[in-house]
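Asker: Here's a sequence, model it:
(chains A and B)
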Amino acid sequence: GIQVEQSPPDLILQEGANSTLRCNFSDSVNNLQWFHQNPWGQLINLFYIPSGTKQNGRLSATTVATERYSLLYISSSQTTDSGVYFCAVVLGGYQKVTFGTGTKLQVIP
Amino acid sequence: GAVVSQHPSRVICKSGTSVKIECRSLDFQATTMFWYRQFPKQSLMLMATSNEGSKATYEQGVEKDKFLINHASLTLSTLTVTSAHPEDSSFYICSAAGTETYEQYFGPGTRLTVT
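Answerer: The predicted model follows:
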């Protein structure tokens, strides 16, 4: 099956710092989404981004489908950004979602 | 965006009993819903794909007789954990796919504890 690897697995940031999270996938995909899982387990949709670049406030994402990776940028990080970030992909022709390994982010004051 | 609800959010049950978890798409119709399981500090693992009006498709290693899935309408799918054991304790999350894109919308999850 498709492999979805995220890096780094863990990240500690000082409040106000910027960061880049990476998602590599091993096959062509129809869909890629980024999620933030809060401490209560809720998955928050950040981006639906099968290709191209999108921005939403302090967050932006870029997916280069031909090179099989996606990046999530967090600027001016805040303590509320803490949690686990997942990318998730959908293979071509299917709706089944495969989640990445996750990046655990801790933003300290 | 689309909203998916789950009920209950948290449940504690005794070993040997069955527990039903509901997943509802509140403002859209979902012909396909998905059930995931997440152990502490791990990623989400797909358990099964639930199709309205037909049998669910289970991932390899998931016991279909233990995890019963019913998708009786376009807005409701249920997961029943039968004869639960402590090792079934986990966080269960459902999702529903939009009909025009592959974008997935996730429920808030159900934390199951089996004592």
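Asker: So B:Ala96 is in contact with B:Leu76, correct?
Answerer: No - the pair B:Ala96 / B:Leu76 is not scored as a contact, 10.2 Å apart, by C-beta atoms under 8 Å. (C-beta placed from N, C-alpha, C; glycine too.)
Asker: So between these two, which is more surrounded?
Answerer: Set side by side, B:Ala96 and B:Leu76 show more neighbours around B:Ala96, with 28 against 16, by other C-beta atoms under 10 Å in any protein chain shown.
Asker: So is the host helix or strand of the more buried one next to chain A?
Answerer: If you go by DSSP states H and E, B:Ala96 is part of strand B:90-97. Yes - with C-beta under 8 Å from any C-beta of the partner chain as the criterion, chain A is reached by strand B:90-97 at B:91, B:93, B:95, B:97.
Asker: Enumerate every residue touching the second one.
Answerer: B:Ile93 makes contact with A:41, A:43, B:6, B:35-38, B:44, B:106-110 under the criterion C-beta atoms under 8 Å, 6 or more residues apart in numbering or on different chains.
Asker: List the beta-bridge partners for it.
Answerer: With DSSP bridges as the criterion, B:Ile93 is bridged to B:Tyr36.
Asker: Ok, A:Val90 next?
Answerer: A:Asn31, A:Val97.
Asker: Correct me if wrong: it contacts A:Phe25.
Answerer: No - in this structure, A:Val90 is not within contact of A:Phe25 by C-beta under 8 Å, at 10.4 Å.
Asker: Identify the contacts common to those two.
Answerer: A:Leu32.
Asker: re the thing from before, go through the strand holding B:Ala96 and flag the buried ones.
Answerer: B:90-97 (16 or more other C-beta atoms under 10 Å in any protein chain shown).
Asker: wait, does the helix or strand of chain B with the lowest mean pLDDT contact chain A?
Answerer: One helix or strand of chain B scores below all others by mean pLDDT, DSSP states H and E: strand B:104-106, with a mean of 88. Yes - part of strand B:104-106 sits close enough to chain A to count as contact by C-beta under 8 Å from any C-beta, namely B:104-106.
Asker: Spit out the contact partners of the residue in chain A positioned nearest to chain B.
Answerer: Closest contact between chain A and chain B, by C-beta to the nearest C-beta, is at A:Asn31 (3.6 Å). Listed by C-beta under 8 Å, 6+ apart, the contact set of A:Asn31 reads A:48, A:50, A:89-90, A:97, B:101-104.
Asker: where does the chain have low pLDDT?
Answerer: If you meant another chain, say so; for now it's chain A. The model of chain A has pLDDT under 70 over residues A:92-94.
Asker: actually chain B
Answerer: Ranges of chain B meeting pLDDT under 70: B:1, B:98-101.
Asker: residues in contact with the residue minimising distance to the centre of chain B?
Answerer: By C-alpha atoms, centre = their mean, the mean C-alpha position of chain B lies nearest to B:Trp35, the distance being 3.6 Å. Residues in contact with B:Trp35, defined by C-beta under 8 Å, 6+ apart, are B:23, B:46-48, B:50, B:67, B:69, B:77, B:79, B:92-94.
Asker: The same query, at a cut-off of 6 Å, please.
Answerer: Applying C-beta atoms under 6 Å, 6 or more residues apart in numbering or on different chains, we find B:Trp35 in contact with B:47-48, B:79, B:94.
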